[in-house]
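J.: Sequence first, then the predicted structure:
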Amino acid sequence: MQSLQGRWELLPHNVLQQVLCLLPNTDARNFGLVCYNWRRASYTVKRIWRSAYVDFAQDCFENHRASLHKFDKFMSLRAVQHLTVHFNSHCEGCIESLYEIATACALVNGDGLKSFSLRPSNSGLQLATSEWSSCDTMQRLCRSLLSLICHSHQLRHLSLGLTDCFDGWQNKLLHHLQQHRCLKSLHLASLRSDPISSRVPFIDNRLLRCFRLTRLSLDLNQVSEELVASLARGGLLRHLSLFVHNDVTSSMPALAIRSWAALGEIGCEATVTLLHSPSAMQHFRSILPADLPLTRLRMYFCQRLPPTLFDFVCARHSHRLRCLRLVESMNDIGCCCRQTLPWSRGRPDPLMMIAWMCPRLEELAVYGYCVSAHTIVGLAALRGPELLKLEVPERCLYRDTGEGGDSAVGADPYGKVSHWLGYRWCPIPDSQLPGAMLDSDFPWPEEAYIESLLNDQDYDFNVGSSE
């Protein structure tokens, strides 16, 4: 060994493998960055490659080729159990690379795959300019996913990344998944690339009943009385995420469901996300029925919130609600936000009412509505350290200098907020806001929320490994 002193890159593979077995996964992956010899050794230790995150977010063909080359090495180990693919939706080369990954995984490692997730940068996929080429690319991509599912006998988690480009293929995917029935976590909900005119596709609910699901994401239009009753009878569902688009009508079957209470009885928690849905707000009492086990409510770019909305939420869902997110565009006159939250005459500030009436509230985010410093201090004082996350942009805050206004909060309102919350708090500067929040004409409005919504669909490796 004296001849190897100071030449660590020349250590034998069996020694390097023993060292790798003693390291945590993160350090073991970084181990391969030292030199070529160490990288080769790291590829032989299957434990550290059970989860793979492939990133095609850059518009660079050379980077795609390099990533695919590394991916082929991972696949040759037959060790990858959890695969996540992050790609740029506006890059046609990324879509082609996604097809190659799905095909390679199906052929080489499909039998050992337990989770597969897509993380696109936007909901719509930018395919070839030619209509025929675009159709052919989409057909090949969907067929590769079908092949992957057919070969993945242990698949427990599937997320289509909220993209609406798989509309029309979802029933085929479910039909193939029925062959294995190992699925626990399924996310078929989508963001509409054209939320005003596009329609949510039909899903045969009978295909969902054979799974023992614990997590499920769907568009509200795809939910039926029979499906909810079946999920309640199964007794395993722990989280149901419903997405509401602008095509809500009073005749929708989902608005007449009477089995929501049964989901609450089995411990299921519901998240409702409204996206670009000003007309859907006319039916908010039907979308948020009293017996729905609502724990999280998120409203993105709904524009016209009814004045009675917050009264209704406090009256019907205060005992369960843990998260409330309100997001609107902030491109008003000047650099400050001018839009105020609606509330009924003679009623208290809606945010203060939510904080007071909802004892389990732990996350509150308000973007695009002006909020006084007095209100922020009051929220912090009411909820204290139990309010784990409070998000308000700096441009949405104002100081009320009138009588009975913000003079009581003193010269340092943020310090008072930090004191009550038990952690350092400050408003969010413009530099940290996505462009979609600052400009209502931004071409990709989903930039304001897609990352947060995709994080909800992340696979829990610990739960998955214990099943």
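T.: Arrived safely. Numbering: from 1, shown residues only.

J.: who touches the helix or strand hosting Phe310?
T.: Applying DSSP states H and E as the criterion places Phe310 in helix 309-317. Applying CB atoms under 8 Å, 6 or more residues apart in numbering, the contact partners of helix 309-317 are 281, 284-285, 288-290, 292, 294, 297, 321, 324, 341-344, 347, 350, 353-354, 357-358. Any C-beta I mention is one placed from the backbone N, CA and C, and that applies to glycine too.

J.: what's the angle from the helix or strand following that helix to helix 309-317?
T.: Counting by DSSP H and E, the next helix or strand C-terminal to helix 309-317 is strand 323-327. Interaxial angle, strand 323-327 versus helix 309-317 (axes from the mean of the first three to the mean of the last three CA atoms, to 10 degrees): 160 degrees.

J.: counting contacts, what elements does strand 323-327 pack onto?
T.: Packing partners of strand 323-327 (3 or more CB pairs under 8 Å, 6 or more residues apart in numbering; DSSP states H and E): strand 294-300, strand 363-367.

J.: could you give me the average pLDDT of it?
T.: Mean per-residue pLDDT for strand 323-327: 95.

J.: Could you list the domains of this protein?
T.: Annotated domains of the chain cover 8-49, 51-183, 185-194+210-304, 321-455 [automatic domain parsing].

J.: which among the contacts of helix 309-317 end up buried?
T.: Neighbour-count burial (16 or more other CB atoms under 10 Å) is assigned, among these, to 281, 284, 288-289, 292, 294, 297, 321, 324, 341, 343, 350, 353-354, 357-358.

J.: Mind checking which of those residues land in helices?
T.: Secondary structure defined by DSSP state H assigns 284, 350, 353-354, 357 of the buried ones among the contacts of helix 309-317 to helices.

J.: For Val371, state which of those is nearest.
T.: Distance ranking of those against Val371, using CB to CB, places Pro350 first at 10.5 Å.

J.: does that closest one really touch Trp356, like I thought?
T.: No. The pair Pro350 / Trp356 is not scored as a contact, 10.7 Å apart, by CB atoms under 8 Å.

J.: Look up phi and psi at the closest residue to His157 other than its chain neighbours.
T.: Among residues not flanking His157 along the chain, Ser115 sits closest, at 3.6 Å (CB to CB, 6 or more residues apart in numbering). Ser115 adopts backbone torsions of phi -150, psi 140, taken as degrees, to the nearest 10.

J.: So which residues of this structure form strands?
T.: Ranges of strands within the chain are 51-56, 82-87, 115-120, 157-159, 185-187, 215-219, 239-244, 269-275, 294-300, 323-327, 363-367, 371-372, 389-391, 397-398, based on DSSP state E.

J.: Same list (those strands) but as TSV, adding distance to Ser147.
T.: Formatted as TSV, the strands of the chain follow (distance: least, CB to CB, whole Å):
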stretch	distance to Ser147
strand 51-56	18
strand 82-87	14
strand 115-120	12
strand 157-159	14
strand 185-187	19
strand 215-219	23
strand 239-244	27
strand 269-275	31
strand 294-300	35
strand 323-327	38
strand 363-367	40
strand 371-372	51
strand 389-391	41
strand 397-398	52
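
J.: list the contacts for Gln457?
T.: The contact partners of Gln457, taken as CB under 8 Å, 6+ apart, are 117, 159, 162, 185, 187, 217.

J.: Per-residue pLDDT of Ala104, please?
T.: Listed pLDDT for Ala104 reads 75.

J.: Tell me the one of the buried ones among the contacts of helix 309-317 nearest Leu141?
T.: Leu297 (33.9 Å).

J.: quick one: which of the strands of the chain is nearest Gln139?
T.: strand 115-120 (17.1 Å).

J.: so how many other residues sit close to Leu146?
T.: By other CB atoms under 10 Å, 18 other residues sit near Leu146.

J.: I meant Val327, not that one.
T.: Val327: 24 surrounding residues under other CB under 10 Å.

J.: What distance do you get for it to Cys302?
T.: As judged by CB to CB, to the nearest Å, Val327 and Cys302 stand 9 Å apart.

J.: Same question for Leu324.
T.: 13 Å.

J.: now do Leu387
T.: Going from Leu387 to Cys302 by CB to CB gives 23 Å.

J.: May I ask you to name the longest helix in this structure?
T.: Assigned via DSSP H, the chain shows its longest helix as helix 131-151.

J.: Report the buried residues of that helix.
T.: So, applying 16+ other CB under 10 Å, buried residues of helix 131-151: 134, 137-138, 141-142, 144-149, 151.

J.: which one of those is nearest Asn205?
T.: The nearest one, if we look at these relative to Asn205 and count by CB to CB, is Ile149, at 19.0 Å.

J.: Is the closest one in contact with Lys172, as I believe?
T.: No. Ile149 is beyond contact range of Lys172, at 9.3 Å (criterion: CB under 8 Å).

J.: Just give the closest residue to Leu231, not the sequence neighbours.
T.: Leu237 (4.8 Å).

J.: Check Arg215 too.
T.: Nearest residue to Arg215 in three dimensions, chain neighbours excluded: Ser185, at 4.2 Å (CB to CB, 6+ apart).

J.: got the contact list for Ser259?
T.: Here Ser259 is in contact with 225, 228-229, 232 (CB under 8 Å, 6+ apart).

J.: Next one, pLDDT for it please.
T.: At Ser259, the pLDDT value in this model is 87.

J.: And for Lys172?
T.: At Lys172, pLDDT is 84.

J.: and if you look at Gly6?
T.: For Gly6, the predicted pLDDT is 50.

J.: Over to the one 10 residues further on?
T.: Leu16 is assigned 66 on the pLDDT scale.

J.: Under the pLDDT cut-off, which ranges of the stretch 301-450 of the chain? List them.
T.: Low-confidence segments of the stretch 301-450 of the chain, defined by pLDDT under 70: 331-339, 342-346, 400-410, 440, 443.

J.: Flag the shaky bits of the stretch 101-250 of the chain, pLDDT-wise.
T.: Those would be 107-110, 125-135, 193-201, 247, 250, if you go by pLDDT under 70 across the stretch 101-250 of the chain.
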